[in-house]
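Trainee: Pasting the sequence and the predicted model now:
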Amino acid sequence: MGMNEVLIHNLSRTLESPVVARCCETFFCRLRGLMFRKRIDFNQGLLLVQKKTGRVNTSIHMMFVFMDLTIIWLDKEWAVVDKKLARSWQLNNTPALPAKYVLELAADRYSEFEIGDQLSVEQT
């Protein structure tokens, strides 16, 4: 992808506000994720980008994450394949279906996304 920050819209339903997500494409950026953060703004997110679609490589941990998060798993066409409210310090969160992207958002955004929703992504 080669993008630093992207603007994410849900084409299937209206979002309270678009998500401004920072892209994580390297192993260490994905590993760190939102560890040691105490909060995330409502309109912010983190987009973890994998090289290949899969379930294991898009599973996440919540160790040292001091807040609950909405986790949205997306396939290579930006369709939502799974979602979960991940609890702080929860060890394993794996999608039900293979994904290529993992979108981490504020817990309050959980109801704004449903499995099957089509998202769009644009460079900021």
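Mentor: Received the coordinates, thanks. As the structure is a prediction and not an experimental result, all values here were calculated from the model. Residues are numbered from 1 along each chain as shown.

Trainee: Identify the residues contacting S88.
Mentor: M62, V65, F66, M67, D68 (Cβ atoms under 8 Å, 6 or more residues apart in numbering). The C-beta positions use only the backbone N, C-alpha and C, and glycine is treated the same way.

Trainee: mind checking which helix or strand it is in?
Mentor: Assigned by DSSP states H and E, S88 belongs to no helix or strand.

Trainee: Skipping its backbone neighbours, what lies nearest the spatially most central residue of the chain in space?
Mentor: Centroid check for the chain by Cα atoms, centre = their mean gives L103 as the closest residue, at 0.9 Å. Nearest residue to L103 in three dimensions, chain neighbours excluded: I72, at 4.1 Å (Cβ to Cβ, 6 or more residues apart in numbering).

Trainee: For the longest strand anywhere in the chain, name the packing helices and strands.
Mentor: In the chain, with assignment by DSSP state E, the single longest strand is strand 44-54. Here strand 44-54 touches strand 5-10, strand 19-24, helix 27-32, strand 99-106, going by 3 or more Cβ pairs under 8 Å, 6 or more residues apart in numbering; DSSP states H and E.
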